[in-house]
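Student: below are the sequence and a predicted model; questions follow.
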Amino acid sequence: MSWSDERVELLKKMWGEGQSASQIAKELGGVTRNAVIGKVHRLGLSNRSGTGKSADASKAKADAKPAAKPRAKPSKPAAKPAAAEAPAPEAPAAPLMTRARAAIIPAGQRLPPQPSANEIDPAALAKVSEIEKKAKKLGLMELTERTCKWPVGDPATDDFWFCGLPVQAGKPYCEAHVGVAFQPMSSRRDRKR
């Protein structure tokens, strides 16, 4: 597909009318929405105002403003603008801070302390080693919502697998791996002392 002069003119016209890139792509045919957006940017049409005027018209209007003579200030208040003028669009509201978003740690900050192997309950570790002997040793594509997704081994090697035993209700792991993965904070603190 090439951008002929006719297609470019149609693109400019439709963009100036306020049509979306998807609508323009559909009308032109043989071009994607992203191709339309790219061409709009290369043509310098990307900063369209919401008034339906093309970027060329708004640029011409901006160029005409400096040439106008300065006016004296009126002695009485100016009349309200005509109803045909659109109000200025409001700035988008800042996104609400959700609990999940607040939990994300920004780059460059230290991670909270994670439990080391000596902080994990030894009984839970012993149970895990016994369970892993009975594991189904599934590959990634064999996992379902009913199979334990606990990874075992190095993902870069051929002996990497997932547990695959039946999961505990509401958890992604089997009973043994839940005992290691979800430890209460108080018991971890008590073992440190």
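Tutor: All right, it came through fine. The structure presented is a predicted model; accordingly, all values stated were derived computationally and were not measured.
Student: which element is residue 144 on?
Tutor: Under the criterion DSSP states H and E, no helix or strand holds residue 144.
Student: for residue 124, which non-adjacent residue is spatially closest?
Tutor: residue 179 (4.0 Å; C-beta to C-beta, 6 or more residues apart in numbering). C-betas here are computed from N, CA, C, even on glycine.
Student: mind giving me the domain split of this structure?
Tutor: As assigned by automatic domain parsing, the chain contains the domains 5-64, 117-192.
Student: from residue 21, how far out is residue 32?
Tutor: 9 Å (C-beta to C-beta, to the nearest Å).
Student: more neighbours, those two?
Tutor: residue 21 (20 against 13; other C-beta atoms under 10 Å).
Student: before we move on, back to that, and the domains of the chain, which one's lowest on average pLDDT?
Tutor: Note on the domains of the chain: domain 5-64 shows the lowest mean pLDDT, a mean of 78.
Student: residue contacts, the nearest residue to residue 139 once chain neighbours are set aside?
Tutor: In this structure, residue 139 finds its nearest non-sequential neighbour in residue 161, 6.7 Å apart by C-beta to C-beta, 6+ apart. Applying C-beta atoms under 8 Å, 6 or more residues apart in numbering to residue 161 gives the contacts 135, 137, 138, 139, 151, 152, 153.
Student: give me that answer again for 10 Å
Tutor: For residue 161, the contact set (C-beta atoms under 10 Å, 6 or more residues apart in numbering) comprises 132, 135-140, 142, 150-153, 155.
Student: check contacts around the residue nearest to residue 124.
Tutor: Contacts of residue 179 (C-beta under 10 Å, 6+ apart): 120, 121, 123, 124, 125, 127, 128, 131, 168, 173.
Student: how far away is the closest residue to residue 181 other than its chain neighbours from residue 26?
Tutor: With C-beta to C-beta, 6+ apart as the criterion, residue 181 has its nearest non-adjacent residue at 5.8 Å, and that residue is residue 173. Separation of residue 173 from residue 26 (C-beta to C-beta): 48 Å.
Student: out of these two, which sits in the busier spot?
Tutor: residue 173 (20 against 13).
Student: for that one, what are its contacts?
Tutor: With contacts taken as C-beta under 10 Å, 6+ apart, residue 173 has the following neighbours: 147, 148, 149, 150, 162, 163, 165, 167, 179, 180, 181, 182.
Student: ok, so of those, who is nearest residue 11?
Tutor: residue 149 (48.6 Å; C-beta to C-beta).
Student: name the element that closest one belongs to?
Tutor: Judged by DSSP H and E, residue 149 forms part of no helix or strand.
Student: name the nearest residue to it, ignoring sequence neighbours.
Tutor: residue 172 (4.9 Å).
Student: show me the contacts of residue 161 that map onto helices.
Tutor: Under the assignment DSSP state H, those contribute residue 132 to helices.
Student: ok, of the contacts of residue 161, which come out buried?
Tutor: Buried residues within those, counting neighbours by 16 or more other C-beta atoms under 10 Å: 132, 135, 138, 150.
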